[in-house]
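Asks: A structural model of the following input is requested.
(one chain, ligands or ions: 1)
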Amino acid sequence: MSPRSLFWIPIVIRLILISLAIGVSNYFWGATVGILIGFVLVLALALVQLHFLYQLSLWLENPEQIKLADGFGAWTDIFARLYRLRREDQKNRAELAEWLSRFRQAMNLLPDGVVIMDDVLFLEWCNPVAEQHLRLNLERDKGMRVTNLIRSPEFIDYIILGRYEQPLSLTLGERKLIIHLIPFEQRRQILVTHDVTEADRLEQTRRDFIANASHELRTPLTVINGFLEIASHQTDLDSATRAQHIKLMTEQGKRMQNLVEDMLSLTRLESIDYPVRPELVDIRSMLEQIQSDNKALSGGRHEVTLTINGPDINGSADELQSAFGNLVTNAVRYTPEGGRIDIIWRDSELGPQFIVRDNGIGIKPEHIARLTERFYRVDKGRSRETQGTGLGLAIVKHVLMRHQATLTIESELGKGSAFCVQFASSAVV
Ligand code: ADP
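Replies: Numbering: from 1, shown residues only. Sure thing, here's the model as predicted:
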């Protein structure tokens, strides 16, 4: 027999002792005294039991605050066991709370949203990412039906139709989400939300790029093919017309070559496998070269000035040459004859600055923010006329990003533009 199940022994001993006391009293002082003494002893025993029962009921009402008495007789064992149960319960609760807090921490670190609902879609819990994705507020919305909180018809259809093996693609405001509903534990369901806005945007950019690039290549190819067809059908073309056709085909070939070269440059600049290899850049000789190239491009139609008043920097000379060159070439291309182009290299409080200022055609304010997008042009005709690929400023933007530099564009329609590149002081050698 286990010692724990022996708690009845003190009770039996006490009852035997009371019976003995009654017997002895009866023997010495008669039956009345014996019964009286027996009554008093049983009453005392009952009062003691009542006292401890009262203690127990008090403790059960408020086990956190009240300390259980040590007990007496069988109560000592009962109270000790209750204490042990309570301690085990506290330990289990503490373990559960710790596990729950670890689970919540892990859920809060997830890049995806997680919503836990009961079988009738009442919100039980969600992580902060789900709050952002689905515009929920756990404190406010807990216990509410999720279909009342996310009032999108596609979402409600998805829930009603119950084809949960297929994810749902849902657009909420600016955000594009992929939503999975996973039933679990028979009476609960998990909703997982994955934000694909950025991936979708990149995919759209990639599709646009391919569509634009194909379109850009198709135009010169059509021209070349047209002339080749004429040449193959009209063998009697006079030499002046033939020379003119060859000139136009060469121009279109050059245009395709520029485009392919710019696309390759952009791809290289975007590649993380192709980091900047910093070297000392001799700013003076680079800018003098750019000035003389652009004077040649201008053919004397513009005044092109150069002012150098700043330090050399560390960076990729080839990339900077291409970015600065693009900005100056644009100034020549978008400034009518007789205009002026100033190329300036100077130091500032924030670090060195490269500025190209022209008094050319200028740009309307609504175009300025989009100029560095690939193939974005204000005037397509003019850009093509001057052999533009529409990728120049996109290349500039990428080169500057790789050099932790920023581009600001100020322009006024009909008055001219200023493209200012700001380098950090840390770029200085
Ligand atoms: P593009 O090959 O068409 O010149 P860019 O990316 O270099 O392509 O420039 C994008 C557009 O920005 C140009 O088509 C032109 O409309 C505008 N732009 C760039 N530089 C200037 C400038 N200096 N003055 C006016 N417009 C400019």
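
Asks: so how many other residues sit close to whatever residue of the stretch 51-200 of the chain ends up closest to the ligand?
Replies: At 23.8 Å from the ligand, E198 is the closest residue in the stretch 51-200 of the chain, using C-beta to the nearest ligand atom. The way it works is simple: take the backbone N, C-alpha and C, and place the C-beta from them, glycine included. Look at E198: counted by other C-beta atoms under 10 Å, it has 9 neighbours.

Asks: Same check on R188?
Replies: Tallying neighbours of R188 according to other C-beta under 10 Å, which is how burial is gauged here, yields 13.

Asks: How about P183?
Replies: Residues within reach of P183, counting by other C-beta under 10 Å, total 13.

Asks: quick revisit: helix, strand, or coil at the residue of the stretch 51-200 of the chain closest to the ligand?
Replies: helix (DSSP: H, G, I helix; E, B strand; the rest coil).

Asks: So what does the residue nearest to D112 when sequence neighbours are not counted have for phi and psi?
Replies: Sequence neighbours aside, H194 is the residue nearest to D112 in space, at 5.0 Å (criterion: C-beta to C-beta, 6 or more residues apart in numbering). Note on H194: its backbone torsions stand at phi -120, psi 120 [degrees, to the nearest 10].

Asks: Now do stretch 269-277: everything it contacts.
Replies: Residues outside stretch 269-277 that contact it (C-beta atoms under 8 Å, 6 or more residues apart in numbering) are R268, G315, S316, E319, I395, H398, V399, R402, H403.

Asks: So which of these sit within helices?
Replies: The helices in this structure, assigned by DSSP state H, contain R268, E319, I395, H398, V399, R402 from the contacts of stretch 269-277.

Asks: buried residues in the helix or strand of the chain with the lowest mean pLDDT?
Replies: Comparing helices and strands within the chain by mean pLDDT, DSSP states H and E singles out helix 380-385 as the least confident, with a mean of 81. Of the residues in helix 380-385, those buried under the neighbour-count criterion (16 or more other C-beta atoms under 10 Å) are S383, R384.

Asks: Show me which of the ones in helices among the contacts of stretch 269-277 are buried.
Replies: Neighbour-count burial (16+ other C-beta under 10 Å) applied to these gives E319, I395, H398, V399, R402.

Asks: and the third one, what is it in contact with?
Replies: With contacts taken as C-beta under 8 Å, 6+ apart, H398 has the following neighbours: L266, L269, E270.

Asks: and the residue nearest the centre of the chain, what helix or strand is that in?
Replies: Centroid check for the chain by C-alpha atoms, centre = their mean gives P111 as the closest residue, at 7.5 Å. In this structure, P111 is located outside every helix and strand according to DSSP states H and E.

Asks: Just confirm V396 contacts R374, I think it does.
Replies: No: when contacts are counted by C-beta atoms under 8 Å, V396 is not listed as touching R374 (11.7 Å).

Asks: and these two? which has more neighbours close in?
Replies: Counted by other C-beta under 10 Å, V396 and R374 do not tie: V396 has more neighbours, with 24 against 19.

Asks: How about the contacts made by that one?
Replies: Listed by C-beta under 8 Å, 6+ apart, the contact partners of V396 are A323, N326, L327, T372, L407.

Asks: Distance check, the spatially closest residue to A130 that is not a sequence neighbour against M249.
Replies: Leaving aside its sequence neighbours, A130 sits nearest to G113 (C-beta to C-beta, 6+ apart; 3.1 Å). Noted for G113: a distance of 57 Å to M249, by C-beta to C-beta, to the nearest Å.

Asks: Give me the more crowded residue out of the two.
Replies: When neighbours are counted by other C-beta under 10 Å, G113 comes out ahead of the other of G113 and M249, with 23 against 18.

Asks: Would you mind giving me the confidence score for the more buried one?
Replies: In this prediction, G113 carries a pLDDT score of 96.

Asks: my guess is it meets V129, correct?
Replies: Yes: judged on C-beta under 8 Å, G113 makes contact with V129 at a distance of 4.3 Å.

Asks: Report the set of residues contacting both of the two.
Replies: Going by C-beta under 8 Å, 6+ apart, residues that sit against G113 and also against V129 are T193.

Asks: still on that earlier bit, the spatially closest residue to the residue nearest to the centre of the chain that is not a sequence neighbour: helix or strand, and which one exactly?
Replies: Nearest-residue entry for P111: V129, 6.9 Å, with adjacent residues in sequence omitted and distances by C-beta to C-beta, 6+ apart. Applying DSSP H and E as the criterion places V129 in helix 128-134.

Asks: Only C-alpha atoms, please: export that helix in CSV.
Replies: Taking only C-alpha atoms (Å, rounded to 0.1, in the frame of the first residue of the first chain), the coordinates of helix 128-134 have been written out as CSV:
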residue,chain,number,x,y,z
PRO,A,128,1.8,42.0,-37.3
VAL,A,129,2.6,41.2,-41.0
ALA,A,130,-1.0,39.9,-41.4
GLU,A,131,-2.2,43.1,-39.7
GLN,A,132,-0.4,45.2,-42.4
HIS,A,133,-1.3,42.9,-45.3
LEU,A,134,-5.0,42.7,-44.5
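
Asks: Determine how far it lies from the middle of the whole chain.
Replies: Centroid displacement of helix 128-134 relative to its chain, using C-alpha atoms, centre = their mean, to the nearest Å, is 12 Å.

Asks: and what of stretch 421-429?
Replies: Shown here is stretch 421-429, whose average C-alpha point lies 29 Å from the average C-alpha point of the whole chain (C-alpha atoms, centre = their mean).

Asks: in it, what's buried?
Replies: Per 16+ other C-beta under 10 Å, stretch 421-429 contains these buried residues: V421, Q422, F423, A427.

Asks: wait, what's in contact with the first one?
Replies: For V421, the contacting residues are A323, F324, L327, Q353, F354, I355, L400, A405, T406, L407, by C-beta under 8 Å, 6+ apart.

Asks: go again using 6 Å as the cut-off
Replies: Under the criterion of C-beta atoms under 6 Å, 6 or more residues apart in numbering, the contact list for V421 reads F354, A405, L407.

Asks: So which of those residues are in strands?
Replies: Applying DSSP state E to the contacts of V421, the entries found in strands are F354, L407.

Asks: counting contacts, what elements does whichever strand or helix holds A106 pack onto?
Replies: Applying DSSP H and E as the criterion places A106 in helix 74-109. With contacts defined as 3 or more C-beta pairs under 6 Å, 6 or more residues apart in numbering; DSSP states H and E, helix 74-109 has no packing partner among the helices and strands.
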